[in-house]
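K.L.:
Build me a model:
(one chain, ligands or ions: 1)
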Amino acid sequence: MLIPIIIIATTILIFGIVISEDNKEMKKTKYPSHEEMENLKFNYADMIWYLTQNTSLKHSEVYDIDGYSKDEFCIYLFEFYNKNLVWNRRFKCQPSYVIFGNENREGAKAKKSNKHYIIVFFESLIKKLENWFGDGFDITSIAGLNQYHFLSAKLNFPISKLIEQAILQFTFYHEFAHVIQFSVQDEFEREEHMAGSSQFDYQMHIEEFDADTFSGICLATHLFQFQQDWTPDNMTNTEIKNLISIITGSVMTYIISLPMCKTEFYTEECIHPHNSIRALNIIGVIITHLQEILNKRNIQIKLDLGEIFLEANNVCSHLLNNFGLTQELTSYQKILNENYENISKYHKKLQDELLNYDESAIKKWNLNN
Ligand SMILES: [Zn+2]
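P.N.:
As a prediction, this is how the structure comes out:
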């Protein structure tokens, strides 16, 4: 089983270089000042009222966080991600909002209505994270993941919070990428969901691939900042490898857990590319981009993609198993073993196609920022 995995990892490394272009307009737009960010205040009820008056959003779709027992966590996320949208205003997707929705769907969605951009985190996402990482979860007690004790010694908060954050960041940046795509489209109304329907649309595959790749770049940037700010200089290479593996392995777990229109491997079907392609893409993008950041800063760390891939896969397998997603795990492993050539081929096709995709969020991303 090891050989195909390493081949996939190497293939993604070769083709995983992300395209960037200077965006002068973006560079001209200043980041908000520290003071401006400090003074930002958001009110959930007021925001919902405004959006129901000015967009097609309906009250019945909205999740009432005031009535939910975990509302403290939701309010924290509400403020954190609305601030994040202000911080990212240079992408020219204003006005934009993050709210919570109660649709019976998985994950999150992005919506454009009357030139307003809305990212909706579904109640199911919050509940899923609570089920996975709530009281009693301790990754180091999972046999095979005991080596993550080193992180608990270095963090001043539980590792589960780090993993939860990584999944939320992935979700947010994936949807934000759709918002960026929508901002250059003329449509009055558009919507996109995290997990998808059965109708095949090649253009949608490209949009989804762009959104995942954009999210991977943002995660790599956060991972770099995290490593710089939160961990001492004396991290060994093994510890750095493990830090990257736990983050990417967790995001892969989340991607593989998303319901699909079809579990068996496919290429040109459904609205999203197959989860196995999405999971492998995210790890390739994170590692490749993180290596680029390290190189640019002359930090002498050489990331071994094959090695990190194996460890992230190890994390992912144990987490899927721990969360009772054994069918998903078996199917993912089978697909890796049997379809690695097709995965690499379709991945390459999507990457090539991104070059011609004018609305790409990645094209708006400036690697120098
Ligand atoms: Zn999407």
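
K.L.:
Give me the mean pLDDT for stretch 49-59.
P.N.:
Averaging the model's pLDDT scores along stretch 49-59 yields 96.

K.L.:
What residues sit buried inside it?
P.N.:
For stretch 49-59, burial by neighbour count (16 or more other Cβ atoms under 10 Å) applies to 51, 55-57. Quick note: C-beta positions are derived from backbone N, CA and C, even for glycine.

K.L.:
now what about it, what contacts it?
P.N.:
Stretch 49-59 is contacted from outside by 48, 62, 97, 99, 111, 113-114, 116, 118, 189, using Cβ atoms under 8 Å, 6 or more residues apart in numbering.

K.L.:
Just the strands from the stretch 151-300 of the chain, written as ranges.
P.N.:
189-193 (DSSP state E, counting those that start in this stretch).

K.L.:
related to what we said a few turns ago, mind putting the contacts of stretch 49-59 in JSON lines, distance to residue 133 and secondary structure included?
P.N.:
Listed next are the contacts of stretch 49-59 as JSON lines, based on distance: Cβ to Cβ, whole Å; DSSP: H, G, I helix; E, B strand; the rest coil:
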{"residue": "48", "distance to residue 133": "27", "secondary structure": "helix"}
{"residue": "62", "distance to residue 133": "25", "secondary structure": "strand"}
{"residue": "97", "distance to residue 133": "26", "secondary structure": "strand"}
{"residue": "99", "distance to residue 133": "22", "secondary structure": "strand"}
{"residue": "111", "distance to residue 133": "27", "secondary structure": "strand"}
{"residue": "113", "distance to residue 133": "33", "secondary structure": "strand"}
{"residue": "114", "distance to residue 133": "37", "secondary structure": "coil"}
{"residue": "116", "distance to residue 133": "32", "secondary structure": "strand"}
{"residue": "118", "distance to residue 133": "26", "secondary structure": "strand"}
{"residue": "189", "distance to residue 133": "35", "secondary structure": "strand"}
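
K.L.:
all helices for this structure, in order.
P.N.:
Ranges of helices within the chain are 2-15, 24-28, 34-39, 44-54, 71-87, 123-133, 149-154, 159-183, 202-230, 237-257, 275-296, 305-322, 326-354, 361-364, based on DSSP state H.

K.L.:
Please tabulate these in CSV, including the columns distance to residue 193.
P.N.:
CSV is the format used below for these (distance: least, Cβ to Cβ, whole Å):
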stretch, distance to residue 193
helix 2-15, 26
helix 24-28, 27
helix 34-39, 30
helix 44-54, 18
helix 71-87, 18
helix 123-133, 11
helix 149-154, 33
helix 159-183, 9
helix 202-230, 10
helix 237-257, 14
helix 275-296, 14
helix 305-322, 22
helix 326-354, 19
helix 361-364, 17
